[in-house]
Structure formats: C-alpha cells, structure tokens
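Peer 1: Turn this into a structure:
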Amino acid sequence: MNGGWKGGDGPPAMKGISLYVHIPFCAARCPYCDFATAPATSAPRARYIDALATEIVREGTALERPRLRTIYVGGGTPSLLEPDEIARLGRAIDDVFVRRPREVTVEVNPATLDRGRLEAWRAFGVTRISLGVQSFSEAGLRALGRTHQPEDVAPAVAAARGAGCDVSLDLIFGWPGQGPREWHEDLDRAVALAPDHLSCYPLELALEPEDSVANWPGGGWPVVERWRRATAAAQADDRGLALLYAVAHRRLARAGYRHYEIANWARAGKRSLHNVTYWRNGEWLGVGAGAHSHLAGVRSHRPAWLIAYVDAIDRASPRVVDPSADRVSEDAILGLRLDTGIDLGRFAARSGSAARERIGSALRALDGRGLVHWTGDRARLTPRGRILANEVFVRLLS
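Peer 2: Purely as a prediction, here's the structure:
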C-alpha cells in the first residue's frame, strides 16, 4: 500500500484528481490557527522544500501520472515562498502529472504580494488568489493577532486582478468586541472590492494542542492555550454567532453572491472547484506537512511536525491511514454542506439501500423544525439549518 490506495497490481484508475500542496511557513503565528504552520525562517525550510518536491515526484509516479483537475497551494502563507522555490515546485508537478487544471489557487497574505512573487505564481499557473483578509477593522486584526493592516487589502486585490486572477476573500466573524455593526462594516468593505468569491468563517478555537505547535519556538502550547481560552471567554456566544452568520447570508445575497456552501459565497461560475472536490468526496492528493489525501476511498495524512514530515519523506514512509470512520454519514454531511444538498436516490445507488434508509430516517426525524427542506428525494439545509448545521450533522452520526 502507498498510503492512499489499497493492494492490487497498481494505483487506482482515475479520470483526474485534485492536488493540494501545503506550505507551512508564516511570518508570525496566528494564535487561533490550528493548521500545520512554522516560522518562515525555520532552519529546516530548505529541507522541507526538498522533501516536498520529492513527495510530489514520488506520489505522481506511483499514481501513474494522473491529470490534475485543480491545484490548491495553501498554508501557512504560500505567498512567502521565493520565486525559485515556487518554480521548483512547479517543475516537480510538471514532471509527474498531466497539468491541465481548470483552476489553480494560492493563498496569500495581503501584505506579501510583491511583483516578483506574483510573477512567479503566474508562471506556476495560478488562476485564483485567495486573500486572508480576516477583517477590515484594525481592532479585528489586533483581536485575531494578524500582522497585516486594513490598507494592505485593496492594493493586493488590484495586483491580483492586474495579473488576470480571480479573487477570493477570507473573513472571520465572532472575534471579541465584534457586533452586527462591525460585521456589517467588514462585509460592506469586502463587497466594495467586488471579489469573485468570499469565505466567512466563525472564529473557532481548538483547545487541544496540535502537532504543529512543536514547529514554533517560545512558550509552546501553554501560551497558545491561554490566549485561546481568554479569547473564547470574550467572544460572541452561539446565539451571537448565529446572528452574525444570518447577517452575512442576507448581505451577500443582496450583493449578488450565491451561498453555495455553508461558509462560502460566489458570483456565477466562480465557486471554488477545488473545495467542491472535498465536499463531493472526490479524489485528491495532499502533499506536505499535515496534508490529507482521499484516494480510492482511503483517507490518509502526513505528520504536521516539520521534522517528522521531512524524516518520513527521507525514509519513503507511506502516509498515515486515518482510522475507519462512518463513511455513509461522512458522505451525507459533506453533501449537505452544499446548497444542492443530497439526492437519496443517487445516495442509494452509491452506498446501498440500507444507507439511504438510515440517512433518510435521520433527516425526516427533523421535520417540523425548519432545518431541512425536501424536494422529492432531495434534502437541502434551509438557511436556519445552515446556522444550526451541527444539530443536523449530529443526527446523522448517531
């Protein structure tokens, strides 16, 4: 087994897959972030880029050079890579994949998009830039521990558009001190920039240490935990977060954005194709520290600690296969995140009549609560259901 597909004489036959490339490096640690990150000045940075290129070539070769449908370079802060590092990763991908993607996204900190890096990303093939704005408020950026300033955003949007790229903006709501007025202001300033896509995420603060804490010097997890506990105590409660979410749903609808996934809005034809692959339980390969893959029905991941990741690649270790989960419930939950919902007829064809009966019964049990809307055999979350999605998802897992 190669960590992502099982047994047999070779890799699974695929019409195409998506590729996720993880760049962990950041100028500073955002204390709310629980992704695999590391300082941009990390001593093992060069070794990491070497290992990442090696993993790309090894996995692409094992999968017999599949076509890439989408590419997503996330982090961390991929926009901190130097042009030669970007070019090296591009060459590694070209060596072992058929690169004809419909979409290539890179995540960018608004303060790091200089001309040289932008030109390197365009040469890489980027068609879409996702800007980690988080807030247009100085108070909001301070509350979130961000290093850029509100005035950095508009020039970054202009630079991305000047390079011919679509633009997506990420916002976070529910930070301490934010109420409906402040959230309206953030949304208004975002809409004024006319992005193609917006993601709006509630501030969620994990209170269990993640492996990537070991990548950062200093006080380690106790310092991060103290910040998260203090911030969680000061932020909006569930009712307040639901109110802010409803504000986003109404404001972005008026601006012409389709609310196509629980946390994502897009203009016509501008959905994130890569992320839709995740929500439709498609096939993707993830490379880099902490990256997850889903190939031939098997979910797997790489270590989030840089040293452990580099060591795993040096030893040609397979990805760590995730423990078996309730695939039926997982499939239903992912489908319900999208505004198209799930069709139980197609669900039965894919997962069997027993699975259809279990999922259908769980959803029907919510009738009368305004959480699920039915059109024949198709179930969709209502606007209220999206706000209270966890109540629906818990039923599917029980």
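
Peer 1: Mind giving me the packing neighbours of the strand or helix carrying residue 286?
Peer 2: Assigned by DSSP states H and E, residue 286 falls within strand 284-287. Judged by 3 or more C-beta pairs under 8 Å, 6 or more residues apart in numbering; DSSP states H and E, strand 284-287 is in contact with strand 17-23, helix 45-62, helix 273-279, strand 292-295. C-beta coordinates here come from the backbone N, C-alpha and C atoms, glycine included.

Peer 1: Tell me which of these sits most buried.
Peer 2: Each of these was scored by mean neighbour count; the highest is strand 17-23, a mean of 24, by mean count of other C-beta atoms under 10 Å.

Peer 1: Now whatever helix or strand comes next after that one: average pLDDT?
Peer 2: The helix or strand immediately downstream of strand 17-23 is strand 25-26, counting by DSSP H and E. The average pLDDT within strand 25-26 is 95.

Peer 1: Would you list the strands that the next helix or strand after strand 25-26 pairs with, along with their directions?
Peer 2: Beyond strand 25-26 in the direction of the C-terminus, DSSP H and E gives the next helix or strand as strand 38-39. Strands adjacent to strand 38-39 in the sheet, as given by DSSP bridges, are strand 25-26 (parallel).

Peer 1: ok, back up a step: which one of the helices and strands packed on strand 284-287 lies closest to residue 335?
Peer 2: helix 273-279 (7.2 Å; C-beta to C-beta).

Peer 1: Return the list of helices and strands in contact with that closest one.
Peer 2: strand 17-23, strand 67-75, strand 98-108, strand 258-261, strand 284-287, helix 327-337.

Peer 1: switch the cut-off to 6 Å
Peer 2: Counting by 3 or more C-beta pairs under 6 Å, 6 or more residues apart in numbering; DSSP states H and E, the packing neighbours recorded for helix 273-279 are strand 67-75, strand 98-108.

Peer 1: Pipe those strands into JSON lines and attach distance to residue 178, mean pLDDT and mean neighbour count per row.
Peer 2: Formatted as JSON lines, the helices and strands packed on helix 273-279 follow (distance: least, C-beta to C-beta, whole Å; pLDDT from 0 to 100; neighbours: other C-beta atoms under 10 Å):
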{"stretch": "strand 67-75", "distance to residue 178": "25", "mean pLDDT": "97", "mean neighbour count": "22"}
{"stretch": "strand 98-108", "distance to residue 178": "23", "mean pLDDT": "96", "mean neighbour count": "19"}
